[in-house]
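*Asks:* Output the structure for:
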Amino acid sequence: MTSRNIILLICLIVFTAGSATASTLTVGKDQAYTTIQSAIDAAKTGDTILVNEGSYGENPVINKNGISILGNNKENTIIDGNNKSSGIRIDQANNVVISGFTIKNGGGGGSEVAGVTLYMGNGNTISNLNIIDNYVGISLFKGSNNNIVSGNIVESNLGKLGYGIYLHTSNDNKIFNNNIKNNKVGIYLYDSKTNQLYTNNLLGNKDSQAYDNNGLNSWDFDKMGNYWSDYGGSGAYVIKGAKNVMDNFPQDKAFAVKSEAVPTQQGEKAVETEKSTPGFTVISFVISLLAIGIVNRRRK
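*Replies:* Reported below is the predicted structural model:
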């Protein structure tokens, strides 16, 4: 490869890196995006969508990999599904982060419909949410594997199914540090295996605290189980469903559910919406001028 080609290749790499800089898209009144869905439609892998406080009457669907959707304050940043569909749905997308919202009135048709529905998605994070008054609280459905559900308040989801957290044919997920209260069933696992469920509070769920129909999941981790409000205080806690399903280390005190640190998308950098970093652009331009000068001198 000639020196000229090498220099041109360096310039191409520099400009490509600059154009790939991630963006922050802001949603809210007087912002570039007034709905969450419009920001999702505009987002690219690595982007963060920051949603200002307010009530958003919509049913956003995420079908892009590697984006983060973050509410500014979970008490005052509300997604209201109006019982039309899921409050928010990750649809066959991976490595998505949802955090910092109150999500309510997710309902309507479909057994996977929930406050948050994860449909055939892997490596996603659902954290720091208030999930109340939905058909189901959180649904991991049909091959949604290796996801994290943590730091959530899942309460009073009393729709047709009324599960706080529902895993349907989904494996290898981690469900921990959640407060799951006053649902019909706290956690319901159907044909799901090798999931880890620990350090959750299961409180006053009306039909049962939990159900596991195959018994191939772990209800404790590193000698730390869950808190069960109906635990009698002697030995393992027996869970309904298949034989020998139990929490071997039930706790005698409820956990203080803590907010989880939100993972950063690879390559994420907070900049103005749809703009690359100005300093990087200037540097790229200078490098290109120098490269052109070198090429021209060698021609002489």
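*Asks:* show me where pLDDT drops low in the stretch 51-200 of the chain?
*Replies:* Within the stretch 51-200 of the chain, the set of residues satisfying pLDDT under 70 is empty.
*Asks:* which is the next helix or strand following whichever helix or strand Val149 is part of?
*Replies:* Secondary structure from DSSP states H and E places Val149 in strand 148-150. For strand 148-150, the succeeding helix or strand toward the C-terminus, using DSSP H and E, is strand 153-155.
*Asks:* start to end distance for stretch 198-217?
*Replies:* In stretch 198-217, first residue to last residue: 11 Å (C-alpha to C-alpha, to the nearest Å).
*Asks:* What count of nearby residues applies to Lys223?
*Replies:* Neighbourhood size, Lys223 [other C-beta atoms under 10 Å]: 8. Yep, even glycine has a C-beta here, placed from its N, CA and C like the rest.
*Asks:* backbone phi and psi for it, please?
*Replies:* phi 60, psi 30 (degrees, to the nearest 10).
*Asks:* can you pull the contacts of it?
*Replies:* Taking C-beta atoms under 8 Å, 6 or more residues apart in numbering, we find Lys223 in contact with Phe249.
*Asks:* show me where the stretch 1-150 of the chain has helices.
*Replies:* All helices of the stretch 1-150 of the chain, identified by DSSP state H, counting those that start in this stretch, fall at 3-19, 36-42.
*Asks:* If you average pLDDT over each of those helices, which is lowest?
*Replies:* Here these differ in mean pLDDT, and the lowest is helix 3-19 at a mean of 45.
*Asks:* Tell me how many other residues crowd the closest residue to Met120 other than its chain neighbours.
*Replies:* Distances taken as C-beta to C-beta, 6 or more residues apart in numbering place Gln92 nearest to Met120, at 4.6 Å, with adjacent residues excluded. Counted with other C-beta under 10 Å, residues neighbouring Gln92 total 15.
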